[in-house]
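Asker: Model the following, please.
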Amino acid sequence: AASHADQVPALTAMATPTAARPVRERLRFLDAVRGWALLLMVLNHTGRWWQDGRMTWPRYYVIYVSLTLAAPMFLFLVGFCLPLSGSRAGGGRDAALGKWAARGARLILAGLLLNLLVFPEDPIWNNGVLQTIGFSILIAAPAALLLGSRAGRWGLLGAAVIIYLAFVGAFPQLTQWVVAHPRSSRIFFFEFPPWPWVSLVLVGLVLGGWWVERTDAPGRARYLWGMAAAGGLCLLWFFGWDWWAGTPNRWMFTRDFTLNNHWTPRGNTLAWILGGVFCQIALFYYLVEMRHWPSRWLVILGQTALFLYFTHHLIVLTLINQWLGLRFNNWWIFSAACALLALLLVAMGKGWQAIKRAWRERWREKLPWWLIVFLPA
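Answerer: Numbers count the residues shown, from 1 in each chain. Prediction:
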């Protein structure tokens, strides 16, 4: 939802003790991990649209693993980055809430436009990941006001658990409801529906709030090592449970919830999701912030993730799959095509950054207000 984390927003600062407020900064590792998640999502889509069933189970596992690592990361970062990224202009709580409301609405509109351009055969009101992110921002921004108290933080975590458990309990009825309402159900329960995925956003919000309080490098390192340890325990639980229970459908969508032909994790898969999110964030903190691993290209992808997420659909599905009718049913050719696509996305990201700089420096004051709504902030 935000291209980078650089400043505590007014709405969070008003809920945070003065001594705990960090100075303005950019956190490159969050941009890098967002760029990594974007690449995983692109890999998921190329596996779906650049190959077909003759690639058998390896293709299936590429699709499953990339999806379960990428999409939850995007949603977790919505919450985690909200206490960190925000208003450059300040203006108090109301101004901060207004900015986040506008950002959430812009993402919802972007999702509808994506449906119109890329999926014209489907209803434009189909829910998608951009709509869910936008809706989650509308929920998480006012919820951030609760981060200033211990009761508020634990209350948000409790709400996340209740929201997910309510979905689990209502799943049989929801399955019947989407069958009885095939059109309207696509608004509420389609690709990554807000219920229950907003739960992961709230978890990220609380963990991001705790991160804000750690302004020194050793404190932040300890925090991330704790997150890595928690992620490692989640992964140990995931693999240990599958080994102990002899789970027959490992690494398959059939082990999870399927509603309106779309995936939501259930049971032991939750350990995989949380373990994957925590370990990836800790790993990129170690590589980027501590080891200074060359990550400029990932940072570019992360800072332009919304633009690239939108436009890669036009390349992968509309151009290559539908217009040219190409398939890469050879793993070497497929890998080379994905590598070339990654290079193209980095170049597109750099170009988009240049356009945004020019927009801010030269054009913003010269354009009519109705056009500004559709251009980068």
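Asker: any weak-confidence spans in the protein?
Answerer: Counting by pLDDT under 70, the chain shows low-confidence ranges at 1-26, 85-95, 363-377.
Asker: Could you pull out the helices in it for me?
Answerer: Using DSSP state H, the helices of the chain run over residues 10-13, 28-49, 56-81, 92-118, 129-143, 150-180, 185-188, 194-212, 217-245, 269-284, 296-303, 305-313, 331-358, 369-372.
Asker: Now render the ones you listed as JSON lines, adding distance to Phe257 and mean neighbour count.
Answerer: C-beta coordinates here come from the backbone N, C-alpha and C atoms, glycine included. Below are these laid out as JSON lines (distance: least, C-beta to C-beta, whole Å; neighbours: other C-beta atoms under 10 Å):
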{"stretch": "helix 10-13", "distance to Phe257": "33", "mean neighbour count": "24"}
{"stretch": "helix 28-49", "distance to Phe257": "18", "mean neighbour count": "23"}
{"stretch": "helix 56-81", "distance to Phe257": "13", "mean neighbour count": "21"}
{"stretch": "helix 92-118", "distance to Phe257": "22", "mean neighbour count": "17"}
{"stretch": "helix 129-143", "distance to Phe257": "15", "mean neighbour count": "23"}
{"stretch": "helix 150-180", "distance to Phe257": "6", "mean neighbour count": "14"}
{"stretch": "helix 185-188", "distance to Phe257": "14", "mean neighbour count": "16"}
{"stretch": "helix 194-212", "distance to Phe257": "9", "mean neighbour count": "23"}
{"stretch": "helix 217-245", "distance to Phe257": "17", "mean neighbour count": "15"}
{"stretch": "helix 269-284", "distance to Phe257": "9", "mean neighbour count": "21"}
{"stretch": "helix 296-303", "distance to Phe257": "29", "mean neighbour count": "22"}
{"stretch": "helix 305-313", "distance to Phe257": "24", "mean neighbour count": "20"}
{"stretch": "helix 331-358", "distance to Phe257": "29", "mean neighbour count": "15"}
{"stretch": "helix 369-372", "distance to Phe257": "41", "mean neighbour count": "9"}
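Asker: First-to-last residue distance for stretch 320-335?
Answerer: 15 Å (C-alpha to C-alpha, to the nearest Å).
Asker: contacts for it?
Answerer: By C-beta atoms under 8 Å, 6 or more residues apart in numbering, the surrounding residues in contact with stretch 320-335 are Thr46, Trp49, Trp50, Gln51, Asp52, Arg54, Met55, Pro58, Ala337.
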